[in-house]
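# need the 3D shape of this:
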Amino acid sequence: MTATLPAALPAVTAVDDVMVIHLGCEHTLAVACDSCAGIGDRAGDRVIVSPYVVGRFTCRVPLLELLAVGAQPFLVVATLGVEPYPTGQALLEGVREEASLAGVPPANLLISTEKNIPTGQTAVGVTILGRITGAGLRCGRARPGDLVLAVGVPKVGNEVGLDDPEIADIPTLLLATEFPAVGDLIPVGSEGIAREARKLARRAGLHFAPGGHGVNMDKSAGPSTCFLATVPPAHLDEFYRHMYPSTRPCYPVGRLSPPCP
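I've put the predicted structure just below:
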């Protein structure tokens with residue numbers, strides 16, 4: 001008997017924190033994830049906040065990652081290192097609420113909780129799958145001379161609040177994606193604005209030169225409290241007007257140029 005070899009695996013590429021799986025026939029799958037521990041209302045937590053808020057922000061990070069590269073999220077996997085009730089239930093309420101802002105139906109949620117061992121600290125992981133159709137992948141669209149703008153303010157730990165008008169959220173990023181002249185988008189996480197801007201520049205084979213604002217370029221943005229967008233200088237004022245309804249701060253942090261020889 002001749003063994004049947006498995007079919008060739010689909011091509012997988014990494015767009016920074018997003019894995020992109022090319023399935024052929026113009027169908028592409030994108031996957032992003034995030035984790036959080038030590039933040040919640042358990043005895044062992046270091047930052048005290050409701051598990052609902054933890055669920056919201058832990059789900060927000062991969063949602064922003066997917067939306068920034070042009071993927072439509074459709075399935076959420078929530079892996080909870082806590083008991084099902086009451087902490088697990090509150091975490092999931094936050095995850096569902098945040099996912100709904102990106103158009104994920106409430107039923108498209110796969111859940112696992114800890115039912116064997118009592119835990120003393122909040123821990124949660126969220127993985128999200130998204131779909132990209134046709135040439136919808138947003139990567140490497142920036143051009144030399146484009147400005148790099150930050151939307152939102154980097155904040156971390158106790159600075160982060162759910163209703164803070166200075167931090168980026170799902171509706172704000174979706175608004176940015178609707179601006180025709182925007183090139184690349186990237187959420188800022190724990191590595192800070194400068195490192196994420198360099199990642200964004202590398203996607204287009206360009207160099208990032210910081211400048212233009214007094215923000216701390218190396219400060220962690222925690223659960224992606226801000227994101228970066230590339231915009232041609234000629235469209236800067238128009239971009240400001242487009243983003244004005246979001247009420248989020250929007251400011252230049254640098255410019256892209258051809259790589260040094």
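# what about the closest residue to Pro154 other than its chain neighbours, which helix or strand?
Spatial nearest neighbour of Pro154, excluding adjacent residues (Cβ to Cβ, 6 or more residues apart in numbering): Ala221 at 3.8 Å. Just so you know, the C-beta spots here come from the backbone N, C-alpha and C atoms, and that holds for glycine as well. Secondary structure from DSSP states H and E places Ala221 outside every helix and strand.
# what about this structure, any weak spots by pLDDT?
1-6, 261 (pLDDT under 70).
# in it, which spans are helices?
For the chain, the helices defined by DSSP state H cover 51-68, 89-101, 170-177, 192-203, 236-243.
# export those as a markdown table, with columns for distance to Gly130 and mean neighbour count.
A markdown table is the format used below for the helices of the chain (distance: least, Cβ to Cβ, whole Å; neighbours: other Cβ atoms under 10 Å):
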| stretch | distance to Gly130 | mean neighbour count |
| --- | --- | --- |
| helix 51-68 | 4 | 26 |
| helix 89-101 | 11 | 21 |
| helix 170-177 | 13 | 18 |
| helix 192-203 | 18 | 20 |
| helix 236-243 | 23 | 15 |
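# got these as TSV, with distance to Gly152 columns?
Shown next, in TSV, are these (distance: least, Cβ to Cβ, whole Å):
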stretch	distance to Gly152
helix 51-68	10
helix 89-101	15
helix 170-177	7
helix 192-203	10
helix 236-243	10
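# which one, of the ones you listed, ends up nearest to Cys260?
Shortest separation from Cys260 across the helices of the chain is recorded for helix 192-203, at 11.9 Å, computed as Cβ to Cβ.
# compute the inter-axis angle for the closest one and helix 51-68.
Between the axis of helix 192-203 and that of helix 51-68 there is an angle of 30 degrees, by axes from the mean of the first three to the mean of the last three Cα atoms, to 10 degrees.
# contacts for helix 192-203, please.
Helix 192-203 has contacts (Cβ atoms under 8 Å, 6 or more residues apart in numbering) with 15-16, 139-140, 142, 148, 150, 154, 184, 186-189, 207-208, 210, 215-221, 226, 228, 230, 253-254, 256.
# that older thread, what's the spacing between the residue nearest to Pro154 and Val61?
Separation of Ala221 from Val61 (Cβ to Cβ, to the nearest Å) stands at 10 Å.
# can you list residues touching both of these two?
By Cβ under 8 Å, 6+ apart, Ala221 and Val61 have these common neighbours: 187, 189.
# and stretch 248-257, C-alpha only, in PDB?
Taking Å, rounded to 0.1, in the frame of the first residue of the first chain, the C-alpha atoms of stretch 248-257 are listed here in PDB:
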ATOM      1  CA  ARG A 248      -9.000  61.500  19.400                       C
ATOM      2  CA  PRO A 249      -5.700  63.400  19.300                       C
ATOM      3  CA  CYS A 250      -4.000  63.200  15.900                       C
ATOM      4  CA  TYR A 251      -0.400  64.500  15.400                       C
ATOM      5  CA  PRO A 252       2.700  63.900  13.300                       C
ATOM      6  CA  VAL A 253       5.500  61.800  14.800                       C
ATOM      7  CA  GLY A 254       7.800  61.600  11.700                       C
ATOM      8  CA  ARG A 255       8.300  61.100   8.000                       C
ATOM      9  CA  LEU A 256       9.200  58.300   5.600                       C
ATOM     10  CA  SER A 257      12.100  58.500   3.200                       C
END
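# residues of that stretch that come out buried?
Neighbour-count burial for stretch 248-257 flags 248-250, 252-256 (criterion: 16 or more other Cβ atoms under 10 Å).
# JSON lines for the residues you listed, including distance to Val49?
As requested, the buried residues of stretch 248-257 are exported to JSON lines (distance: Cβ to Cβ, whole Å):
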{"residue": "Arg248", "distance to Val49": "21"}
{"residue": "Pro249", "distance to Val49": "23"}
{"residue": "Cys250", "distance to Val49": "27"}
{"residue": "Pro252", "distance to Val49": "32"}
{"residue": "Val253", "distance to Val49": "28"}
{"residue": "Gly254", "distance to Val49": "32"}
{"residue": "Arg255", "distance to Val49": "37"}
{"residue": "Leu256", "distance to Val49": "37"}
